[in-house]
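>>> here's a sequence, model it:
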Amino acid sequence: MAIQVGLALALVAYVGLLVPVGMALFLGEWIFGSMGWGILHGALFSIATAAALVLAALRISRAYLAGTLLVAIVIGIAVGTILGLAWLNAAYAAIGQSMAPAVDAGIRPLVVGLALWGTVFALVGILGGARAGGVGGAIGGFVGGAVVGALFGAFTAISFSLQVGAALGAMVTLVAWPVLAALALRHYDWEDLKRRFTPSASMAAAKETMAFVKSRLPGSKEDAA
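Numbering: from 1, shown residues only. Got it, this is the predicted structure:
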């Protein structure tokens, strides 16, 4: 009987895992054209929901969590639209046509993206590194900024399809939501959390009880009096 009940519970647990996992894979294939997106979005959704539950348990306002979700959705829609319609790729192509017509048209958006964002991020890295670590920090910031900018420029130079752009927008939403929501912890009162879980009243009562018991033990000062 115990084995049969255990197998029944195991099958119920299996169904509880199979349905959400299968749904994520199905939606990834159906909407975005690949089950890989379903795996990624399902994992990110689980992480974002877990983070929201933890923040709610810390008494972060539900209105704040809902507001950050709305902002994340707006950011995701913007990213999905820009990448899905290949606006940046078109902009790089137009810039390259006017400023570097000698470059092959096939790689023109990539060259412009690399040069543009590599320069921007390198300048930001120099300023940030110089403020943080002087000359050495400026050099490190320049190298790091140039590398990050080049990667960003190469990524945004890709001519994504609308389907892939939508998938990237959904990914950005699921990443941005917990990050934005966690900003509430910058000014969180951790001492208040400690007080909530410290049984001050019980500890005080226990100390009072111990003092009373000690006072009634043989050999105590009050007993001697």
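>>> mind listing the helices for the chain?
Assigned by DSSP state H, the chain shows helices spanning 2-32, 35-57, 62-84, 87-99, 108-156, 162-182, 190-197, 200-216, 221-224.
>>> possible to save those helices as TSV with mean neighbour count?
The C-beta positions use only the backbone N, C-alpha and C, and glycine is treated the same way. Shown next, in TSV, are those (neighbours: other C-beta atoms under 10 Å):
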stretch	mean neighbour count
helix 2-32	12
helix 35-57	16
helix 62-84	16
helix 87-99	17
helix 108-156	18
helix 162-182	20
helix 190-197	9
helix 200-216	10
helix 221-224	8
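>>> want to try CSV for the ones you listed, with mean pLDDT as columns?
Shown next, in CSV, are these (pLDDT from 0 to 100):
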stretch, mean pLDDT
helix 2-32, 87
helix 35-57, 92
helix 62-84, 95
helix 87-99, 92
helix 108-156, 91
helix 162-182, 94
helix 190-197, 72
helix 200-216, 63
helix 221-224, 51
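>>> list the contacts of residue 145.
121, 122, 123, 124, 125, 126, 128 (C-beta atoms under 8 Å, 6 or more residues apart in numbering).
>>> domain parsing for the chain?
The chain breaks down into these domains under automatic domain parsing: 1-85+164-183, 87-159.
>>> out of these, flag the one nearest residue 194.
domain 1-85+164-183 (12.1 Å; C-beta to C-beta).
>>> centre of the chain to the closest one, how far?
Distance, stretch centre to chain centre, for domain 1-85+164-183: 11 Å (C-alpha atoms, centre = their mean, to the nearest Å).
>>> go on, stretch 152-162?
Distance of stretch 152-162 from the chain centroid (C-alpha atoms, centre = their mean) equals 22 Å.
>>> on that earlier part again, for residue 191, find the nearest of the domains of the chain.
Comparing these by C-beta to C-beta, domain 1-85+164-183 comes nearest, at 13.1 Å.
>>> and that closest one, end to end?
For domain 1-85+164-183, the separation between the terminal residues is 52 Å (C-alpha to C-alpha, to the nearest Å).
>>> so the closest residue to residue 125 other than its chain neighbours versus residue 157, what's the distance?
With sequence-adjacent residues excluded and distances taken as C-beta to C-beta, 6 or more residues apart in numbering, residue 125 is closest to residue 145, at 2.5 Å. Noted for residue 145: a distance of 18 Å to residue 157, by C-beta to C-beta, to the nearest Å.
>>> and the contacts of stretch 84-101?
81-82, 103, 105, 108-113, 116, 156-166, 168-169.
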